[in-house]
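**Student:** Turn this into a structure:
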Amino acid sequence: MKLIVSGRIRPLALVSAVVLIFCRLSDCYDPMDPNGNVTVTFDISKWTIDGYMARVTIQNYHQYRHVEKPGWKLGWTWARDEVIWSMWGAFATQQGNCSSYKFQIPHSCKKHPMILDFPPEASPENRSEDCCRSGLLSSWAIDPSKSFSSFEIQVGNLEGNSTGYAPLNLILMAPGPGYTCGPVVDTKPTVSSDIGGRREVQVFRTWKSTCTYSSFLANKAPVCCVSLSTFYNPLITSCPTCSCGCKEAGPNTSSCISEGAALPQSDALTDTDVVQCTAHNCPIRVHWHLKNNYLDHWRVKLTVSNYKYKRNYSNWNVLVQHPGFGQSMTTYSFNSSVLPAVGLEDEVALFWGIDYYNTELLQADKDQLGSVNTEMLLKKDVESFTLRNGWAFPRRIYFDGESCQMPLPDKFPMLPNGSSSLNP
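**Tutor:** Here you go, the predicted model:
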(Lines give C-alpha, C1' and ligand atoms only; values in the text may rest on other atoms or scores of the structure.)
Protein backbone atom coordinates (compact mmCIF):
# COMPACT_ATOMS: atom_id res chain seq x y z
CA MET A 1 0.00 0.00 0.00
CA LYS A 2 1.31 3.48 -0.86
CA LEU A 3 0.39 6.73 0.84
CA ILE A 4 -0.16 9.37 -1.84
CA VAL A 5 -0.92 13.05 -1.26
CA SER A 6 -1.56 15.29 -4.27
CA GLY A 7 -0.17 12.60 -6.56
CA ARG A 8 3.12 12.33 -4.68
CA ILE A 9 4.34 9.48 -2.48
CA ARG A 10 5.25 10.70 0.99
CA PRO A 11 8.32 8.62 2.06
CA LEU A 12 8.26 9.83 5.65
CA ALA A 13 4.62 8.93 6.07
CA LEU A 14 5.28 5.53 4.51
CA VAL A 15 8.16 4.84 6.88
CA SER A 16 6.09 5.96 9.87
CA ALA A 17 3.25 3.67 8.85
CA VAL A 18 5.61 0.70 8.46
CA VAL A 19 7.17 1.37 11.88
CA LEU A 20 3.74 1.69 13.47
CA ILE A 21 2.53 -1.56 11.90
CA PHE A 22 5.71 -3.36 12.96
CA CYS A 23 5.32 -2.14 16.55
CA ARG A 24 1.70 -3.17 16.73
CA LEU A 25 2.22 -6.64 15.32
CA SER A 26 5.35 -7.73 17.13
CA ASP A 27 6.91 -5.36 19.62
CA CYS A 28 3.80 -4.05 21.37
CA TYR A 29 2.52 -7.60 21.85
CA ASP A 30 4.36 -9.76 24.36
CA PRO A 31 3.57 -13.48 23.94
CA MET A 32 4.96 -14.11 27.43
CA ASP A 33 2.41 -11.70 28.93
CA PRO A 34 -0.34 -11.12 26.33
CA ASN A 35 -2.68 -9.33 28.75
CA GLY A 36 -0.06 -7.12 30.39
CA ASN A 37 -0.87 -3.41 30.57
CA VAL A 38 -1.18 -0.47 32.91
CA THR A 39 -4.75 0.77 33.37
CA VAL A 40 -5.50 4.30 34.56
CA THR A 41 -8.97 4.77 36.09
CA PHE A 42 -10.79 8.00 37.02
CA ASP A 43 -13.68 7.35 39.44
CA ILE A 44 -15.93 10.36 40.08
CA SER A 45 -17.35 9.98 43.58
CA LYS A 46 -18.76 13.45 44.30
CA TRP A 47 -20.10 16.47 42.42
CA THR A 48 -19.03 19.97 43.48
CA ILE A 49 -20.37 23.43 42.62
CA ASP A 50 -18.06 23.79 39.63
CA GLY A 51 -16.75 20.26 39.02
CA TYR A 52 -16.16 16.97 40.75
CA MET A 53 -14.04 14.88 43.13
CA ALA A 54 -12.32 11.86 41.61
CA ARG A 55 -10.08 9.02 42.68
CA VAL A 56 -7.38 8.19 40.12
CA THR A 57 -5.87 4.69 40.21
CA ILE A 58 -2.83 3.45 38.30
CA GLN A 59 -2.95 -0.36 38.15
CA ASN A 60 -0.08 -2.46 36.81
CA TYR A 61 -1.40 -5.69 35.25
CA HIS A 62 1.98 -6.80 33.88
CA GLN A 63 3.00 -10.21 35.20
CA TYR A 64 6.70 -9.35 35.45
CA ARG A 65 7.26 -5.75 34.30
CA HIS A 66 7.33 -3.34 37.26
CA VAL A 67 7.75 0.41 37.65
CA GLU A 68 11.07 1.17 39.34
CA LYS A 69 12.82 4.31 40.58
CA PRO A 70 12.28 7.20 40.10
CA GLY A 71 8.66 6.07 39.65
CA TRP A 72 5.73 6.86 37.39
CA LYS A 73 4.69 10.21 35.97
CA LEU A 74 1.13 10.73 34.74
CA GLY A 75 0.00 13.58 32.50
CA TRP A 76 -2.98 14.56 30.38
CA THR A 77 -4.67 17.48 28.60
CA TRP A 78 -7.87 18.97 29.98
CA ALA A 79 -10.82 18.88 27.57
CA ARG A 80 -12.06 22.32 28.69
CA ASP A 81 -10.63 24.96 31.03
CA GLU A 82 -10.49 22.76 34.13
CA VAL A 83 -8.22 23.49 37.06
CA ILE A 84 -7.12 21.28 39.94
CA TRP A 85 -8.35 22.85 43.16
CA SER A 86 -6.80 20.29 45.49
CA MET A 87 -4.93 16.97 45.45
CA TRP A 88 -4.21 14.27 48.04
CA GLY A 89 -1.80 11.37 47.56
CA ALA A 90 0.04 12.99 44.65
CA PHE A 91 0.90 16.47 43.35
CA ALA A 92 1.13 18.44 40.12
CA THR A 93 4.71 19.42 39.29
CA GLN A 94 3.70 22.93 38.13
CA GLN A 95 1.06 25.33 39.39
CA GLY A 96 0.87 27.30 36.17
CA ASN A 97 -0.72 30.74 35.71
CA CYS A 98 -3.45 31.11 38.35
CA SER A 99 -3.43 34.95 38.33
CA SER A 100 -7.14 35.15 37.45
CA TYR A 101 -8.08 33.61 40.82
CA LYS A 102 -8.11 36.24 43.56
CA PHE A 103 -9.35 34.35 46.60
CA GLN A 104 -9.00 30.57 46.48
CA ILE A 105 -5.86 29.63 44.57
CA PRO A 106 -5.96 26.30 42.66
CA HIS A 107 -3.33 23.64 43.17
CA SER A 108 -2.66 23.72 39.40
CA CYS A 109 -3.98 25.78 36.48
CA LYS A 110 -1.90 23.99 33.84
CA LYS A 111 -3.68 22.85 30.69
CA HIS A 112 -1.32 19.87 30.57
CA PRO A 113 -0.65 18.90 34.22
CA MET A 114 2.04 16.36 35.09
CA ILE A 115 1.43 14.35 38.27
CA LEU A 116 3.97 12.70 40.59
CA ASP A 117 3.53 10.39 43.57
CA PHE A 118 4.44 11.29 47.14
CA PRO A 119 7.04 9.25 49.07
CA PRO A 120 5.87 6.95 51.89
CA GLU A 121 6.85 9.52 54.52
CA ALA A 122 4.37 12.12 53.17
CA SER A 123 2.60 14.13 55.86
CA PRO A 124 -0.95 13.05 56.83
CA GLU A 125 -2.62 16.10 55.25
CA ASN A 126 -1.12 15.15 51.87
CA ARG A 127 -2.07 11.48 51.97
CA SER A 128 -4.98 9.49 50.59
CA GLU A 129 -5.84 5.80 50.61
CA ASP A 130 -3.37 3.53 48.71
CA CYS A 131 -1.05 6.44 47.92
CA CYS A 132 2.50 7.50 48.49
CA ARG A 133 4.79 4.75 47.15
CA SER A 134 7.32 7.05 45.45
CA GLY A 135 5.79 6.05 42.12
CA LEU A 136 6.88 2.42 42.44
CA LEU A 137 4.56 -0.35 41.24
CA SER A 138 5.25 -4.04 41.74
CA SER A 139 4.51 -6.53 38.99
CA TRP A 140 1.22 -8.40 39.33
CA ALA A 141 2.80 -11.86 39.72
CA ILE A 142 5.24 -10.80 42.45
CA ASP A 143 3.09 -8.62 44.76
CA PRO A 144 -0.44 -7.66 43.63
CA SER A 145 -0.95 -5.59 46.80
CA LYS A 146 1.78 -3.18 45.66
CA SER A 147 0.93 -3.22 41.95
CA PHE A 148 -1.32 -0.14 42.10
CA SER A 149 -1.34 3.39 43.47
CA SER A 150 -4.14 5.95 43.90
CA PHE A 151 -4.62 9.64 44.54
CA GLU A 152 -7.61 11.97 44.93
CA ILE A 153 -8.25 15.12 42.96
CA GLN A 154 -10.77 17.97 43.08
CA VAL A 155 -11.43 19.40 39.62
CA GLY A 156 -13.24 22.70 39.01
CA ASN A 157 -13.85 25.68 36.74
CA LEU A 158 -16.56 23.86 34.77
CA GLU A 159 -19.95 25.27 33.85
CA GLY A 160 -22.88 24.57 36.19
CA ASN A 161 -24.52 21.13 36.08
CA SER A 162 -21.56 19.69 34.16
CA THR A 163 -20.89 15.98 34.67
CA GLY A 164 -17.28 16.41 33.61
CA TYR A 165 -15.25 15.78 30.48
CA ALA A 166 -12.79 12.93 30.17
CA PRO A 167 -9.14 14.07 30.03
CA LEU A 168 -7.37 13.82 26.68
CA ASN A 169 -3.95 12.63 25.50
CA LEU A 170 -2.98 10.60 28.55
CA ILE A 171 0.79 10.23 29.03
CA LEU A 172 2.42 7.63 31.28
CA MET A 173 6.14 7.62 31.99
CA ALA A 174 7.05 4.53 33.99
CA PRO A 175 9.64 5.79 34.65
CA GLY A 176 10.77 6.63 31.10
CA PRO A 177 9.15 6.36 27.67
CA GLY A 178 7.72 3.12 26.30
CA TYR A 179 4.03 3.33 27.17
CA THR A 180 1.33 4.39 24.73
CA CYS A 181 -2.06 5.14 26.29
CA GLY A 182 -5.36 4.74 24.53
CA PRO A 183 -8.17 7.31 24.76
CA VAL A 184 -9.84 7.89 28.12
CA VAL A 185 -13.31 6.42 27.65
CA ASP A 186 -16.52 6.07 29.63
CA THR A 187 -16.95 2.61 31.14
CA LYS A 188 -19.28 0.90 33.56
CA PRO A 189 -19.08 2.75 36.92
CA THR A 190 -16.82 1.11 39.50
CA VAL A 191 -18.60 -0.76 42.30
CA SER A 192 -16.99 -1.36 45.70
CA SER A 193 -18.15 -3.11 48.85
CA ASP A 194 -19.05 -1.53 52.18
CA ILE A 195 -20.20 -2.67 55.64
CA GLY A 196 -18.10 -5.80 55.53
CA GLY A 197 -19.20 -6.68 52.00
CA ARG A 198 -22.92 -6.52 52.75
CA ARG A 199 -23.50 -3.29 50.78
CA GLU A 200 -22.37 -2.26 47.27
CA VAL A 201 -21.42 1.36 46.58
CA GLN A 202 -21.20 2.69 43.01
CA VAL A 203 -19.36 5.80 41.86
CA PHE A 204 -21.14 8.33 39.67
CA ARG A 205 -18.94 7.94 36.62
CA THR A 206 -15.82 6.01 35.56
CA TRP A 207 -13.28 6.80 32.84
CA LYS A 208 -10.49 4.40 31.86
CA SER A 209 -7.44 4.32 29.66
CA THR A 210 -5.24 1.30 28.87
CA CYS A 211 -1.51 1.88 28.40
CA THR A 212 0.56 -0.73 26.53
CA TYR A 213 4.34 -1.08 26.59
CA SER A 214 6.78 -1.27 23.69
CA SER A 215 10.50 -2.00 24.06
CA PHE A 216 10.87 -0.46 20.60
CA LEU A 217 9.79 2.90 22.01
CA ALA A 218 11.54 2.54 25.38
CA ASN A 219 15.06 1.50 24.38
CA LYS A 220 17.42 2.41 21.59
CA ALA A 221 19.10 -1.00 21.96
CA PRO A 222 18.60 -4.21 23.97
CA VAL A 223 19.53 -3.96 27.66
CA CYS A 224 20.64 -7.50 28.44
CA CYS A 225 22.20 -10.63 26.97
CA VAL A 226 22.60 -14.31 27.83
CA SER A 227 25.72 -16.46 28.12
CA LEU A 228 25.84 -20.26 28.60
CA SER A 229 28.16 -22.91 30.06
CA THR A 230 28.05 -26.55 31.15
CA PHE A 231 29.88 -29.08 33.32
CA TYR A 232 30.77 -31.19 30.27
CA ASN A 233 32.39 -28.52 28.10
CA PRO A 234 35.11 -26.09 29.32
CA LEU A 235 34.19 -23.52 26.66
CA ILE A 236 31.79 -20.73 27.62
CA THR A 237 29.29 -19.46 25.09
CA SER A 238 29.54 -15.70 25.51
CA CYS A 239 26.86 -13.16 24.80
CA PRO A 240 26.65 -12.35 21.10
CA THR A 241 29.06 -9.60 20.08
CA CYS A 242 27.45 -6.15 20.10
CA SER A 243 24.29 -7.57 21.68
CA CYS A 244 23.42 -4.12 23.02
CA GLY A 245 25.22 -2.07 20.39
CA CYS A 246 28.89 -1.66 19.60
CA LYS A 247 31.05 0.54 21.78
CA GLU A 248 33.13 3.39 20.49
CA ALA A 249 36.76 2.76 19.56
CA GLY A 250 39.37 2.96 22.32
CA PRO A 251 39.88 1.25 25.70
CA ASN A 252 37.92 3.94 27.57
CA THR A 253 35.13 5.94 25.97
CA SER A 254 32.33 8.18 27.12
CA SER A 255 29.99 5.19 27.23
CA CYS A 256 32.21 2.52 28.84
CA ILE A 257 35.24 2.03 31.08
CA SER A 258 37.68 -0.84 30.72
CA GLU A 259 37.74 -3.60 33.32
CA GLY A 260 40.15 -2.80 36.15
CA ALA A 261 40.65 0.79 35.04
CA ALA A 262 40.56 3.49 37.69
CA LEU A 263 37.16 5.07 37.90
CA PRO A 264 36.66 8.84 37.78
CA GLN A 265 35.77 10.59 41.01
CA SER A 266 32.19 9.81 42.04
CA ASP A 267 31.07 13.38 41.36
CA ALA A 268 32.63 13.28 37.88
CA LEU A 269 30.98 10.01 36.88
CA THR A 270 27.36 11.15 36.62
CA ASP A 271 26.08 9.22 33.58
CA THR A 272 24.03 6.27 34.88
CA ASP A 273 24.40 4.53 31.49
CA VAL A 274 28.19 4.12 31.70
CA VAL A 275 29.07 0.40 31.66
CA GLN A 276 32.18 -1.76 31.78
CA CYS A 277 33.63 -2.19 28.29
CA THR A 278 32.80 -5.64 26.90
CA ALA A 279 32.29 -7.26 23.53
CA HIS A 280 28.56 -7.45 24.15
CA ASN A 281 28.27 -3.88 25.56
CA CYS A 282 25.21 -4.75 27.68
CA PRO A 283 24.33 -3.32 31.10
CA ILE A 284 23.04 -6.73 32.25
CA ARG A 285 24.23 -10.27 31.56
CA VAL A 286 22.30 -13.38 32.59
CA HIS A 287 24.43 -16.53 32.75
CA TRP A 288 22.92 -20.04 32.65
CA HIS A 289 25.31 -22.76 33.86
CA LEU A 290 24.28 -26.40 33.60
CA LYS A 291 26.06 -27.63 36.74
CA ASN A 292 25.16 -31.29 37.40
CA ASN A 293 23.28 -34.21 35.91
CA TYR A 294 21.90 -36.59 38.55
CA LEU A 295 19.88 -39.79 38.26
CA ASP A 296 16.46 -38.13 38.59
CA HIS A 297 17.34 -34.42 38.93
CA TRP A 298 19.54 -31.83 37.26
CA ARG A 299 21.09 -28.64 38.68
CA VAL A 300 21.49 -25.17 37.16
CA LYS A 301 23.23 -22.05 38.46
CA LEU A 302 21.67 -18.76 37.34
CA THR A 303 23.76 -15.57 37.70
CA VAL A 304 22.70 -12.01 36.92
CA SER A 305 25.54 -9.48 36.56
CA ASN A 306 25.33 -5.68 36.49
CA TYR A 307 27.92 -3.92 34.31
CA LYS A 308 26.71 -0.40 35.10
CA TYR A 309 28.93 1.76 37.32
CA LYS A 310 26.30 4.22 38.52
CA ARG A 311 23.06 2.30 38.80
CA ASN A 312 21.61 -0.31 41.11
CA TYR A 313 18.56 -2.32 40.05
CA SER A 314 15.92 -2.47 42.79
CA ASN A 315 13.34 -5.26 42.92
CA TRP A 316 14.78 -6.85 39.77
CA ASN A 317 13.31 -9.99 38.22
CA VAL A 318 14.28 -12.56 35.62
CA LEU A 319 11.87 -14.51 33.44
CA VAL A 320 13.01 -17.79 31.87
CA GLN A 321 11.23 -19.95 29.33
CA HIS A 322 12.25 -23.62 29.48
CA PRO A 323 10.40 -26.94 29.06
CA GLY A 324 12.03 -28.31 32.23
CA PHE A 325 9.92 -26.03 34.43
CA GLY A 326 7.01 -28.37 33.89
CA GLN A 327 8.51 -30.56 36.64
CA SER A 328 9.03 -29.66 40.30
CA MET A 329 11.79 -27.13 40.99
CA THR A 330 13.65 -26.02 44.12
CA THR A 331 15.31 -22.58 44.07
CA TYR A 332 17.78 -21.80 46.85
CA SER A 333 18.59 -18.07 46.80
CA PHE A 334 15.76 -16.49 44.78
CA ASN A 335 12.01 -16.46 45.04
CA SER A 336 10.40 -18.23 42.10
CA SER A 337 7.01 -18.94 40.58
CA VAL A 338 5.90 -20.80 37.47
CA LEU A 339 3.56 -18.57 35.46
CA PRO A 340 0.66 -19.63 33.25
CA ALA A 341 1.98 -20.47 29.79
CA VAL A 342 -1.15 -19.94 27.73
CA GLY A 343 -0.37 -20.40 24.04
CA LEU A 344 3.33 -21.21 24.69
CA GLU A 345 4.96 -24.57 24.01
CA ASP A 346 7.32 -24.32 27.00
CA GLU A 347 6.82 -23.40 30.65
CA VAL A 348 7.78 -19.98 32.02
CA ALA A 349 9.30 -19.32 35.48
CA LEU A 350 9.75 -15.96 37.19
CA PHE A 351 12.66 -15.36 39.61
CA TRP A 352 13.15 -12.41 41.94
CA GLY A 353 15.12 -11.45 45.05
CA ILE A 354 14.44 -12.31 48.68
CA ASP A 355 13.55 -9.36 50.92
CA TYR A 356 16.45 -8.04 53.03
CA TYR A 357 18.86 -10.33 51.18
CA ASN A 358 19.23 -9.76 47.44
CA THR A 359 16.41 -7.61 46.08
CA GLU A 360 19.05 -5.01 45.14
CA LEU A 361 21.35 -5.78 42.21
CA LEU A 362 24.29 -3.54 43.05
CA GLN A 363 26.32 -1.50 40.59
CA ALA A 364 29.76 -2.55 39.40
CA ASP A 365 33.04 -1.11 40.69
CA LYS A 366 36.59 -1.31 39.36
CA ASP A 367 37.21 -4.64 41.15
CA GLN A 368 34.03 -6.60 40.47
CA LEU A 369 30.61 -6.64 38.91
CA GLY A 370 27.43 -6.37 40.88
CA SER A 371 25.77 -9.78 40.83
CA VAL A 372 23.12 -12.04 42.33
CA ASN A 373 22.88 -15.78 41.81
CA THR A 374 21.02 -18.92 42.76
CA GLU A 375 21.14 -22.62 42.14
CA MET A 376 18.03 -24.52 41.21
CA LEU A 377 17.35 -28.24 41.36
CA LEU A 378 14.91 -29.53 38.77
CA LYS A 379 13.27 -32.92 38.62
CA LYS A 380 13.76 -34.84 35.39
CA ASP A 381 11.04 -35.86 33.02
CA VAL A 382 12.64 -39.10 31.79
CA GLU A 383 10.70 -38.91 28.54
CA SER A 384 11.96 -35.46 27.54
CA PHE A 385 15.20 -34.69 29.41
CA THR A 386 18.31 -34.77 27.27
CA LEU A 387 21.63 -32.97 26.94
CA ARG A 388 21.48 -33.17 23.17
CA ASN A 389 20.51 -30.41 20.74
CA GLY A 390 20.59 -27.66 23.35
CA TRP A 391 17.49 -28.91 25.19
CA ALA A 392 18.97 -28.01 28.60
CA PHE A 393 19.35 -24.32 27.70
CA PRO A 394 16.62 -21.67 28.00
CA ARG A 395 14.48 -20.72 25.04
CA ARG A 396 14.12 -17.11 26.10
CA ILE A 397 15.17 -14.88 29.02
CA TYR A 398 13.83 -11.50 30.12
CA PHE A 399 15.34 -9.11 32.68
CA ASP A 400 12.96 -6.58 34.26
CA GLY A 401 10.54 -7.20 31.43
CA GLU A 402 13.08 -6.65 28.64
CA SER A 403 13.96 -9.48 26.26
CA CYS A 404 17.64 -10.47 26.42
CA GLN A 405 19.76 -11.29 23.37
CA MET A 406 20.32 -15.06 23.18
CA PRO A 407 23.29 -16.84 21.52
CA LEU A 408 22.46 -18.63 18.30
CA PRO A 409 21.79 -22.37 18.72
CA ASP A 410 24.90 -23.30 16.73
CA LYS A 411 26.98 -21.51 19.40
CA PHE A 412 25.55 -23.52 22.32
CA PRO A 413 28.07 -25.66 24.29
CA MET A 414 28.48 -28.99 22.51
CA LEU A 415 28.65 -32.48 23.98
CA PRO A 416 32.11 -34.12 23.79
CA ASN A 417 32.83 -35.83 20.49
CA GLY A 418 31.33 -39.30 20.29
CA SER A 419 28.89 -38.66 23.18
CA SER A 420 25.18 -38.61 22.55
CA SER A 421 24.43 -38.12 26.26
CA LEU A 422 26.15 -37.94 29.60
CA ASN A 423 24.43 -40.19 32.08
CA PRO A 424 25.09 -39.73 35.82
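**Student:** Identify the residue nearest the residue nearest in space to the middle of the chain in space, chain neighbours excluded?
**Tutor:** Geometric centre of the chain, nearest residue: Arg65, 3.4 Å, by C-alpha atoms, centre = their mean. Of all residues not flanking Arg65 in the chain, Gly401 sits nearest, at 3.1 Å (C-beta to C-beta, 6 or more residues apart in numbering). Where you see a C-beta, it was placed from the backbone N, CA and C, and this is true even at glycine.
**Student:** thinking the one you found is in contact with His66, fair?
**Tutor:** Yes - in this structure Gly401 lies within contact range of His66 using C-beta atoms under 8 Å: 7.4 Å.
**Student:** Overlap of the contact sets of these two?
**Tutor:** 139, 317 (C-beta atoms under 8 Å, 6 or more residues apart in numbering).
**Student:** one step back: with Gly36 as the reference, measure out to the residue nearest to the centre of the chain.
**Tutor:** As judged by C-beta to C-beta, to the nearest Å, Arg65 and Gly36 stand 6 Å apart.
**Student:** Show me the common contact partners of those two, please.
**Tutor:** Common neighbours of Arg65 and Gly36 (C-beta under 8 Å, 6+ apart) are Tyr213.
**Student:** where does this structure dip in pLDDT?
**Tutor:** 1-29, 248-254, 264-271, 417-424 (pLDDT under 70).
**Student:** So which residues of it form helices?
**Tutor:** Under the criterion DSSP state H, the chain carries helices at the ranges 11-22, 215-218.
**Student:** Kindly provide the distance from the residue nearest to Arg65 to Asn60.
**Tutor:** 11 Å.
**Student:** Now list whatever residues contact both of these two.
**Tutor:** With C-beta under 8 Å, 6+ apart, Gly401 and Asn60 have common neighbours 66, 139.
**Student:** So which of those two has more stuff around it?
**Tutor:** Higher neighbour count among Gly401 and Asn60: Asn60, with 25 against 22, using other C-beta atoms under 10 Å.
**Student:** surely that one meets Asp143?
**Tutor:** No - counting by C-beta under 8 Å, Asn60 stays clear of Asp143, with 10.2 Å between them.
**Student:** Please report the number of neighbouring residues for the closest residue to Glu200 other than its chain neighbours.
**Tutor:** The shortest distance from Glu200 to any non-neighbouring residue, by C-beta to C-beta, 6+ apart, is to Val191 (5.3 Å). Val191 has 10 neighbours, counted by other C-beta under 10 Å.
**Student:** residues touching Val191, list them.
**Tutor:** Neighbours of Val191 in contact, by C-beta under 8 Å, 6+ apart: 200-203.
**Student:** Which among those residues count as buried?
**Tutor:** Val203 (16 or more other C-beta atoms under 10 Å).
**Student:** Among the contacts of Val191, find me the one that's closest to Thr330.
**Tutor:** Glu200 (44.2 Å; C-beta to C-beta).
**Student:** how close does that closest one get to Thr190?
**Tutor:** In terms of C-beta to C-beta, Glu200 sits 11 Å off from Thr190.
**Student:** now do Leu235
**Tutor:** From Leu235 over to Thr190 (counting by C-beta to C-beta), the distance is 58 Å.
**Student:** again with Asp273
**Tutor:** 41 Å.
**Student:** Please identify which of these two sits among more neighbours.
**Tutor:** More crowded of Asp273 and Thr190, by other C-beta under 10 Å: Thr190, with 19 against 12.
**Student:** Can you give me every residue that contacts that one?
**Tutor:** With C-beta under 8 Å, 6+ apart, Thr190 has these contacts: 41, 43, 202-203, 206.
**Student:** what two of the residues you listed are the furthest from one another?
**Tutor:** Those two in the contacts of Thr190 that are separated most widely, counting by C-beta to C-beta, are Thr41 and Gln202, at 13.9 Å.
**Student:** Would you map the strands across the stretch 301-424 of the chain?
**Tutor:** 313-314, 317-321, 329-331, 335-339, 348-352, 360-361, 370-379, 396-399, 402-403 (DSSP state E, counting those that start in this stretch).
**Student:** Distance to His107 and mean neighbour count added to these, as JSON lines?
**Tutor:** Converted to JSON lines, those look like this (distance: least, C-beta to C-beta, whole Å; neighbours: other C-beta atoms under 10 Å):
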{"stretch": "strand 313-314", "distance to His107": "30", "mean neighbour count": "18"}
{"stretch": "strand 317-321", "distance to His107": "36", "mean neighbour count": "24"}
{"stretch": "strand 329-331", "distance to His107": "47", "mean neighbour count": "16"}
{"stretch": "strand 335-339", "distance to His107": "40", "mean neighbour count": "16"}
{"stretch": "strand 348-352", "distance to His107": "37", "mean neighbour count": "23"}
{"stretch": "strand 360-361", "distance to His107": "35", "mean neighbour count": "20"}
{"stretch": "strand 370-379", "distance to His107": "41", "mean neighbour count": "19"}
{"stretch": "strand 396-399", "distance to His107": "39", "mean neighbour count": "22"}
{"stretch": "strand 402-403", "distance to His107": "36", "mean neighbour count": "18"}
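**Student:** Figure out which of those is closest to Val184.
**Tutor:** Judging the strands of the stretch 301-424 of the chain by C-beta to C-beta, what sits closest to Val184 is strand 402-403, at 27.9 Å.
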